[in-house]
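1. With the sequence up front, the predicted model follows.
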Amino acid sequence: MAEALVIRDLGVSLADGDRGFALRVPELSIAAGETVGLTGPSGTGKTLLLELLGLLRAPDPGGVYRLCPRDAPERDLTALWTRRGRIARLRGRLFGFVPQTGGLLPFLTLSENVALPQRICGRPDPGLVSDLIDRLGLGPVAGLRPERLSIGQRQRAAIARALAHRPRFVIADEPTAALDPENAAEAMTLLFEAAGRTGSAVIVSSHDLDLLGRFALTRYRLALDPDHAPGRPVSRLIAAEDGREAA
Amino acid sequence: MRLLVTLALRALFRDWIFVFCNVAVLAGVIVPLLVLYGVRNGVYDALIGDLMANPASLQIDTAGNQSFTPADLAEVQGWEDVRFATLKTRSLFDYVNVRATGGRGRQEALIAPSGTGDPMIAPLPGLGPDEVAVSPALATQLGLSAGDGVEIFTQAENRPRQLVLNARVAGVLPPGRIDGRVVMADIALLDLIEAFYDGYALPDHGIDSGKPLAGRAGSFEGMRVYAAALDRLAPLQDRLETRFGVRTLARTAEVTSVLTLGRNLGLALALTVAVAAAGLAASLVFGFWGEVVRTRRTLANLGLLGLPQWQLSLFPVIQALVTAVIGLLVSFLLFRLTAALAERLFETGLTERGGLVSVSPAEALAIAAAVIAFVGCASLAAARAALATDPATVLREET
């Protein structure tokens, strides 16, 4: 598979007084349509890595973060941070996000929420919105506001919203954390199926190794360096076992 | 931008209770200020209107027997505070008899000097040498209207014949302008009458006996001057008295007292507005800011989906401006109700002149623009807070 995203020797550091945290990504490449699972204990920087990937956090200077589209020249994403004005638009086009509890806007109906990324990107496609809503079993509640949806419905709506503008990548941060095991498995299945139809790569973080184990994913894990300085842990992304182990 | 406005409005009206609170805060401050401003306008405008309706409010008359020349008049006419000035003949000869040409009845009338630009004869632009303007009372009694001819008679004890001057009525003065029977004519016509009394020959008018007019000195007993505006009356009166060393008569005390009242009311209003604006600003700044803090997940979500930060910063500004517009509509509605109630309660009789509580459409527009600008400024702190919204909040706060 052709690489769509390439990261090499990229890092991000957080500092708060005399405490700090650093994340190092020696190498990570994600192909178009690939599904990637990210695991690691709490405090190892899973969300930070997703923020880095999703153009929500500026990387430390140095390192490589490249977008490699099939039909256009490569693009250095680290350079975007020197002129931040275009980051939001690019983030909106490239990525879809599935937060833990949906992150739907409370003043829009479910269908309006799903259509919102299309409107922001200026690529309205009502047919795809309806299709995603139907495929995710949300048709009967499409006109309701999030407050009237169950948590499972909200998660499925978030999945539909994340895919509605056909992003190249979907970033799902613990998308099933608020769901019971049965609904979690269903949501994850729907996520991968729907992403497969739109051709989006999925990067999903989760504590639930059993759940991730049910799907064919390229797996990475984050682990703290054992010999970090006191108060300044360093977490490192490691390809699981053979580097691209299928779970 | 359209999407941003739509989202901001949807978010605003979902939490209608916050809109209601902010509108109530705005109306709670704006309505009393509008009423105060309206009362200040209503009362002051009525007083000023009374003064302005009568050009005599601007009039300064020299008192006693003085001596003014046409050169003195030219000097005074050149002063910037002067709207109109004319010389006056001796008041001893102010009364004449007037008859409509071809008519039978005569009426005694006061004759007063006038000329081009005289506010007393407005809207007539001026009077020609053989034109007069007549008061409504005289016009009614003699059946005169514009274009009619009149004969002006005057008789002196030492002259065997009476002087008869023919003139055309240029217009009838508006009702209320001058009481009684009055004829207003160019100073040249009054000067003829004075010359007649002084025993000069006026062969052009059938008075052949008397001193030759060529030897007559051009001197006048007084001067009548109209100030350019009410607030120029007192300085102009001072200047006239100082320059010519004469005593003058004017309604300066009355005019000054109304102007002072207006100034004091304006000052009191400005102080009230300043205090109210400070309180309103604090309330709105923290209200809008608090709203951004409360809804930062919404803003972060929009940032996550690709809305640039600068657009997020406009989110609370749009909401604030819409709130301001609603607040203004409610405020003006309540203001109208209050004004109507005040008219009923106080029965001021000012309604015909704009009402006890009066705000003109232009003033209302200016107030609305000022309030919108004020609220817009008050939302800037919220805009700054929105600008600092971190879209990653959506991921991080749920982890």
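-> Yes, it's here. Numbering: from 1, shown residues only, chains lettered A, B, ... in the order given.

2. What segments of the chain are helices?
-> All of this is about chain A. Using DSSP state H, the helices found in chain A span residues A:46-53, A:87-94, A:110-121, A:126-135, A:151-163, A:181-198, A:209-213.

3. actually it's chain B I care about, not the one you picked
-> Under DSSP H, chain B gives helices at B:2-14, B:16-53, B:70-77, B:136-142, B:187-197, B:233-244, B:252-294, B:296-304, B:309-346, B:361-378, B:380-387, B:393-396.

4. re earlier: nearest to B:Leu124, of the helices of chain A?
-> B:Leu124 lies closest to helix A:110-121 among those, at 67.7 Å (C-beta to C-beta). (Glycine included, C-beta is placed from N, CA and C.)

5. Tell me which residues of that closest one come out buried.
-> Neighbour-count burial for helix A:110-121 flags A:110-121 (criterion: 16 or more other C-beta atoms under 10 Å in any protein chain shown).

6. Could you do stretch B:327-339 as well?
-> B:327-328, B:330-332, B:334-335, B:338-339.

7. Only the C-alpha atoms, please, for it, written as CSV.
-> Backbone C-alpha positions of stretch B:327-339 (Å, rounded to 0.1, in the frame of the first residue of the first chain) are rendered in CSV as follows:
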residue,chain,number,x,y,z
GLY,B,327,-32.2,44.5,23.3
LEU,B,328,-32.7,47.7,21.3
LEU,B,329,-36.0,46.6,19.8
VAL,B,330,-37.3,45.7,23.3
SER,B,331,-35.9,48.9,24.7
PHE,B,332,-37.5,51.1,22.1
LEU,B,333,-40.8,49.3,22.5
LEU,B,334,-40.8,49.8,26.3
PHE,B,335,-39.7,53.4,25.8
ARG,B,336,-42.6,54.1,23.5
LEU,B,337,-45.0,52.6,26.1
THR,B,338,-43.4,54.6,28.8
ALA,B,339,-43.6,57.8,26.8
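
8. Rounded mean pLDDT for that stretch, please.
-> Across stretch B:327-339, pLDDT averages out at 92.

9. in chain A, what residue is nearest chain B?
-> Closest approach between chain A and chain B, counting by C-beta to the nearest C-beta: A:Gly92, at 1.6 Å.

10. Okay, A:Leu136 and A:Glu186: tell me how far apart.
-> 10 Å (C-beta to C-beta, to the nearest Å).

11. Which of these two has more residues huddled nearby?
-> More neighbours surround A:Leu136 than the other of A:Leu136 and A:Glu186, with 23 against 18 (other C-beta atoms under 10 Å in any protein chain shown).

12. tell me the phi and psi of A:Gly33?
-> phi 80, psi 0 (degrees, to the nearest 10).

13. Now the buried residues of stretch B:327-339 in TSV, please, with extra columns for distance to chain A.
-> Output for the buried residues of stretch B:327-339, formatted as TSV (distance: C-beta to the nearest C-beta, whole Å):
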residue	distance to chain A
B:Gly327	21
B:Leu328	24
B:Val330	23
B:Ser331	26
B:Phe332	28
B:Leu334	29
B:Phe335	32
B:Thr338	35
B:Ala339	37
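
14. farthest pair in those residues?
-> B:Gly327 and B:Ala339 (18.1 Å).

15. What residues does residue 181 make contact with?
-> By default, I'm working from chain A. A:Leu211 (C-beta atoms under 8 Å, 6 or more residues apart in numbering or on different chains).

16. that answer is for a different chain, and I need it for chain B
-> B:98, B:107-110, B:135, B:137-138, B:141.

17. and chain A, which residues reach chain B?
-> A:46-47, A:50-51, A:54, A:56-57, A:84-85, A:88-89, A:91-93, A:97, A:99-101, A:103-108, A:116-117, A:119-121, A:173-174, A:177 (C-beta under 8 Å from any C-beta of the partner chain).

18. Now, of the residues you listed, which are buried?
-> A:46-47, A:50-51, A:54, A:56-57, A:88, A:91-93, A:97, A:99-101, A:103-108, A:116-117, A:119-121, A:173-174, A:177.

19. Could you tell me the model confidence score at residue 165?
-> You didn't pick a chain, so chain A it is. Looking at A:His165, its pLDDT stands at 91.

20. ah, no, chain B please
-> pLDDT at B:Leu165 comes out at 92.

21. How about A:Pro181?
-> 82.

22. Over to A:Asp242?
-> Note for A:Asp242: predicted pLDDT of 45.

23. what do you get for B:Glu352?
-> 54.

24. now swap in A:Phe97 and tell me
-> Taking A:Phe97 on its own, its pLDDT is 93.

25. That one against B:Val394, yeah?
-> Yes: A:Phe97 is within contact range of B:Val394, at 7.1 Å (criterion: C-beta atoms under 8 Å).

26. Need the overlap of contacts for these two.
-> A:103, B:304.

27. Around chain A, pick out the residues from chain B.
-> B:3, B:7, B:10-11, B:13-14, B:297-298, B:301-309, B:390-392, B:394-396, B:398-399.

28. please redo it, this time with the cut-off set to 7 Å
-> B:3, B:10-11, B:14, B:298, B:301, B:303-309, B:391-392, B:394-396, B:398-399 (C-beta under 7 Å from any C-beta of the partner chain).

29. Buried by neighbour count, from these: which ones?
-> Looking at the residues of chain B next to chain A with 16+ other C-beta under 10 Å, the buried ones turn out to be B:11, B:14, B:298, B:301, B:303-309, B:391-392, B:394-396, B:398.

30. sorry, back to before: ok, so of the buried residues of helix A:110-121, who is nearest B:Leu345?
-> A:Glu112 (50.7 Å).

31. mind showing which ranges of chain A have poor pLDDT?
-> Filtered on pLDDT under 70, chain A yields the residue ranges A:1-2, A:241-247.

32. if you set the cut-off to 80 instead, what comes out?
-> Scanning chain A with the threshold set as pLDDT under 80 gives A:1-3, A:17-18, A:69-72, A:82-85, A:101-102, A:178-179, A:183, A:227-231, A:240-247.

33. So for it, the centremost residue is which one?
-> The structure's chain A has its C-alpha centroid closest to A:Ile171; by C-alpha atoms, centre = their mean the separation is 0.9 Å.

34. need the contact list for it.
-> Residues near A:Ile171 by C-beta atoms under 7 Å, 6 or more residues apart in numbering or on different chains: A:50, A:53-54, A:95, A:97, A:203.

35. can you tell me which residues contact B:Leu73?
-> So B:Leu73 contacts B:85, B:87, B:223 (C-beta under 7 Å, 6+ apart).

36. still on that earlier bit, what separation do you get for the residue of chain A closest to chain B and A:Ala162?
-> Where A:Ala162 is concerned, A:Gly92 sits at a distance of 11 Å (C-beta to C-beta).
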